[in-house]
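[1] Below are the sequence and a predicted model; questions follow.
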Amino acid sequence: MTSPPLFRCLSYGPLASLWIAHVFSALGSEALQLALTWMAAQAGGHDVAALATARFVAAMLVSFLAAGWLDSQTPLRILVGSGVIRAAAALIPLTVILSGIYSFWPLAISTVLVAVAYAAFIPTLQTLVTRLSRDPMELTSANALFDGVPRLGRLVGPPLTGVMLSLMPMAAVLIVSPAFYLASSLGILAVAGSVRQVSQNRPPAPRGWAAVIGGGKAVLRHRPLALLMFLEVMINITWVTGLSVGAPIVIAEQRPDWLGIHGAGALGAIMGAYGVGNVLGTLVLGNMTIKRPVLINRYGSIVLGTGFTLIGIAGWLPNDWIIPVMLVGACIAAPGGPMKDLPTITALQSVLKPDDIGPAFRFKNGVMWGSLLLGSLLVGPLNYWLGVTGGMVAAAVALILAGALSWRVQEIRL
């Protein structure tokens, strides 16, 4: 029986093993992130925003300043080393649990180390997926499946962690993430031979800042691609102010309870609802031929903005309504994620010259981390002037307007 187009790449052993390793990595990251966010949220909203800022600053600096050094390392060393570093970093917050005294710094150190390793892991993984894919159709399948892994992590990781936090101590939950990270590294070692083979005899390519600058020029000289980068910035700002920072603060401060769901369990349920829509959107788009990426991305921005507006409005409602309305908002917003990412990936691979694709993805990663950082820095001023809920709604409405007003930009016909 022929595999569905979306799952075609999983019939090739090295890509399948790499995908499974990526799944373990995503589950470890989501479990650890929810645990750290909840620990910080209980101490106050300021610490949640500070952790987010630290994470995005670290990842952005690695994307730009460490690019040259990362290019000089073998993919196998980066991928396996990233898993080991994240496993060790995930154990650092245990010092807070064992001491019984809350301290922001162990959480911050763990967050920064995990972000640094992740920022090295993802571009290397993207490069390997391109090299291991044997034909364009398999590459399209791999793009959708590997892009869907973080969404799968959001579907499974937060609800699983929320349930675990309700059944066992935080210390036990923190031990789960290192296990996932180490399993990821073992999965990558299982295909070490294939990784080494595709990494040898590669033509020389620009490194470090030269790659980032070259990628930026290639993207920004093409107006539709420049629009996709702008919408990426707006979406990431909205995601940080809404789901990453805003929702945890609202739940921690207002303590809503719905059908026995509360605290970290509520946050996990909301992230899980977002993950469900993410995965479903990936399954649909992954089996489609994307011919109008700008149009799909524009609609994705409006869908995301609408859902995040509802998540923000929930903070103004009575406590009994906060969690269910946030769940509905997360479900509405979720398909917008793949509607943003998959068309952008397809457009970059289809429009740019082959030599510009790698640098363009490095530039895209830099834009992503930079806009996430900008969003975390805007949380404080927005909360001061508009309140937590008002800031969430303002960012979401701005995203809707950005998507709606971008109709003048010419479409990319693929």
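    Right, received. Where do you want to start? Residues are numbered from 1 along each chain as shown.

[2] Report the distance from stretch 82-99 to the chain centre.
    Stretch 82-99 has its C-alpha centroid displaced from the chain centroid by 21 Å (Cα atoms, centre = their mean, to the nearest Å).

[3] let me redo that: stretch 332-341
    12 Å.

[4] what separates the most centrally placed residue in the chain from K340, distance-wise?
    Nearest to the geometric centre of the chain sits P150, at 6.0 Å (Cα atoms, centre = their mean). P150 sits 13 Å away from K340, taking Cβ to Cβ, to the nearest Å as the criterion. Just so you know, the C-beta spots here come from the backbone N, C-alpha and C atoms, and that holds for glycine as well.

[5] before we move on, the earlier item: please point out which parts of the helix or strand harbouring the residue nearest to the centre of the chain sit buried.
    With secondary structure defined by DSSP states H and E, P150 is part of helix 136-167. Buried residues in helix 136-167, counted by 16 or more other Cβ atoms under 10 Å: 138-165.

[6] what do you get for stretch 386-395?
    388-389, 391-395.

[7] Is it correct that G162 is in contact with H262?
    No: contact status for G162 versus H262: not in contact, 10.0 Å apart, counting by Cβ atoms under 8 Å.

[8] hmm, back to that, how far does the helix holding P150 sit from the chain's center?
    10 Å.

[9] what helices or strands is it leaning on?
    Here helix 136-167 touches helix 13-43, helix 104-132, helix 170-189, helix 263-286, helix 336-351, going by 3 or more Cβ pairs under 8 Å, 6 or more residues apart in numbering; DSSP states H and E.

[10] May I have the fourth one exported as CSV, CA atoms only?
    Output of helix 263-286 as CSV, limited to C-alpha atoms (Å, rounded to 0.1, in the frame of the first residue of the first chain):
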residue,chain,number,x,y,z
GLY,A,263,-3.4,25.7,37.9
ALA,A,264,-0.8,23.9,35.8
GLY,A,265,-3.4,21.5,34.6
ALA,A,266,-5.4,24.3,33.1
LEU,A,267,-2.3,25.8,31.4
GLY,A,268,-1.4,22.3,30.0
ALA,A,269,-5.0,21.8,28.7
ILE,A,270,-4.9,25.2,26.9
MET,A,271,-1.5,24.4,25.3
GLY,A,272,-2.8,21.0,24.4
ALA,A,273,-5.8,22.4,22.7
TYR,A,274,-3.5,24.7,20.7
GLY,A,275,-1.4,21.6,19.8
VAL,A,276,-4.5,19.7,18.6
GLY,A,277,-5.3,22.4,16.1
ASN,A,278,-1.6,22.7,15.1
VAL,A,279,-1.4,19.0,14.3
LEU,A,280,-4.7,19.0,12.4
GLY,A,281,-3.6,22.0,10.4
THR,A,282,-0.3,20.4,9.5
LEU,A,283,-2.1,17.2,8.4
VAL,A,284,-4.4,19.1,6.1
LEU,A,285,-1.7,21.5,4.6
GLY,A,286,0.9,18.7,4.4
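
[11] which other helices and strands contact that helix?
    Using 3+ Cβ pairs under 8 Å, 6+ apart: helix 263-286 touches helix 13-43, helix 136-167, helix 246-254, helix 319-333, helix 336-351.

[12] Summarise which helices and strands the one helix or strand V388 maps to is packed against.
    Assessed by DSSP H and E, V388 sits inside helix 354-404. Applying 3+ Cβ pairs under 8 Å, 6+ apart, one finds that helix 354-404 makes contact with helix 45-65, helix 104-132, helix 209-220, helix 223-239, helix 246-254, helix 293-314, helix 336-351.
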